[in-house]
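In: With the sequence up front, the predicted model follows.
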Amino acid sequence: MRILVTGGAGYIGSHVVRELMDTRNHEIVVVDTMEKGNPINLFPENEFIEGEIQNKSVLQKVFSKKIDAVFHFAAWKAAGESMTDPEKYSINNINGTLTLLTTMVENGTKNIIFSSSAAVYGSPVYLPIDEKHPLNPENYYGYTKLAIEENLKWYDKLKGIKYAALRYFNAAGYHPEGKVRGLEKTPANLLPIIMEVAVGMKEEFGVFGDDYETPDGTCIRDYIHVSDLATAHVLSLDYLVEKKESLVVNLGSENGYSVTEIINATEKVLNKKLNYTLKPRRAGDPAKLLAASSRAKELLKWEPKFSTAEKIISSMWEVYKSSV
């Protein structure tokens, strides 16, 4: 198969490219603007086209030869920024995806695996969060993911495009064998920021609130290793090709770690103290977010292998400590 990976030089996209290379015999085309992508994450075996998916000439070049399936990661993802600059997120996330879908229809491409998010749920009504949980995003980023999912439903119904919408929880870690080493640009999540402090790229990080209704007062999150995510993406393509029906699943480890537990585990793995400051709560941070991933396990025959705190942290440290 000839596979298009949008945003394939980014953090998650590059891990999926690597998983495809290691487990399937596909021809891969990566499209990335490189605004967030890292050149280190491009593999010379694959075709690379630098450009924007809203640029029809870029897509015409990609689709000049038949594309059998698309893995779609090209999107802005900073929740806070989405609330102050919604136009940026409308244009890139929603319009970009619609341009891509239109081109798929024009060229007879029938399969797309979409990088969605647990942000479509908003604050949890119950835990763990399963796929039947109410959809009520609390930031515009989450809304763009939900809007894209709704459009995918219509393109399935009207144009026969089959999709897998994969709702991630907290992606972290690096390839267990070190095959992906490009650092994220301007990360906003806890663990990469901790790593930046650990290697001296930043002086400290903030812990936002210690008075939540959790055992140690800090927020609890479900961390999923990026290589476990990558495996689920590849299995999702297999599912679409075999079953010819669309799919919506959560991807989480079903294990929760508090901010304090992550800090303690990192200090243990790295054998060093971390410099951080307690800060006030941030608006919109729920005390707990935990996934129910039984549907992915059942339908995809998927099982996370690397999503313990120790494996996530140690795989990140191997990359970060050699980056400075």
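Out: Done, it's in.
In: Next, the buried residues of the helix or strand containing I12.
Out: Assigned by DSSP states H and E, I12 belongs to helix 11-23. The neighbour-count check on helix 11-23 (16 or more other Cβ atoms under 10 Å) flags 11-20 as buried. All C-beta atoms are positioned from the backbone trio N, CA, C, and that covers glycine.
In: Could you list every helix and strand in contact with the least confident helix or strand in the chain by mean pLDDT?
Out: Sorting the helices and strands of the chain by mean pLDDT, DSSP states H and E puts helix 79-84 at the bottom, at a mean of 92. Contacts defined by 3 or more Cβ pairs under 8 Å, 6 or more residues apart in numbering; DSSP states H and E place helix 79-84 against helix 86-89, helix 140-159.
In: closest to V207 out of those?
Out: Nearest to V207, of all the helices and strands packed on helix 79-84, is helix 140-159, at 22.5 Å by Cβ to Cβ.
In: could you dump the next helix or strand after that closest one to PDB, C-alpha only?
Out: Downstream of helix 140-159, the first helix or strand assigned by DSSP H and E is strand 162-168. Listed in PDB are the C-alpha atoms of strand 162-168, where the atom choice follows Å, rounded to 0.1, in the frame of the first residue of the first chain:
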ATOM      1  CA  LYS A 162     -13.900   4.600   6.300                       C
ATOM      2  CA  TYR A 163     -12.200   6.200   9.300                       C
ATOM      3  CA  ALA A 164     -10.600   5.300  12.600                       C
ATOM      4  CA  ALA A 165     -10.900   8.200  15.100                       C
ATOM      5  CA  LEU A 166      -8.400   7.500  17.900                       C
ATOM      6  CA  ARG A 167      -9.000   9.500  21.000                       C
ATOM      7  CA  TYR A 168      -5.600   9.700  22.800                       C
END
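In: How far off centre is strand 162-168?
Out: Between the centre of strand 162-168 and the centre of its chain there are 11 Å (Cα atoms, centre = their mean, to the nearest Å).
In: Just send the helices and strands packed on helix 79-84 back as a markdown table, with mean pLDDT, distance to N38 and mean neighbour count too.
Out: Formatted as a markdown table, those follow (pLDDT from 0 to 100; distance: least, Cβ to Cβ, whole Å; neighbours: other Cβ atoms under 10 Å):
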| stretch | mean pLDDT | distance to N38 | mean neighbour count |
| --- | --- | --- | --- |
| helix 86-89 | 96 | 21 | 16 |
| helix 140-159 | 98 | 21 | 19 |
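In: any idea of the pLDDT on L4?
Out: Looking at L4, its pLDDT reads 98.
In: Please name the residues that touch V30.
Out: 5, 8-9, 13, 17, 42, 46-49 (Cβ atoms under 8 Å, 6 or more residues apart in numbering).
In: Quick check: the gap between it and K243.
Out: Distance, V30 to K243, using Cβ to Cβ, to the nearest Å: 27 Å.
In: next one: S82
Out: 33 Å.
In: more neighbours, the two?
Out: S82 (22 against 11; other Cβ atoms under 10 Å).
In: surely the more buried one meets A75?
Out: No: with contact defined as Cβ atoms under 8 Å, S82 does not count as touching A75 (10.3 Å).
In: re the thing from before, of the contacts of V30, which is the nearest to Y89?
Out: Of all the contacts of V30, Y89 sits closest to G13, with 18.1 Å by Cβ to Cβ.
In: residue ranges for the strands of the stretch 101-250 of the chain, please.
Out: 111-117, 162-168, 170-172, 205-208, 220-225, 247-251 (DSSP state E, counting those that start in this stretch).
In: ok, so of the contacts of V30, who is nearest K185?
Out: Once Cβ to Cβ is applied, the member of the contacts of V30 that ends up nearest K185 is A9, at 10.4 Å.
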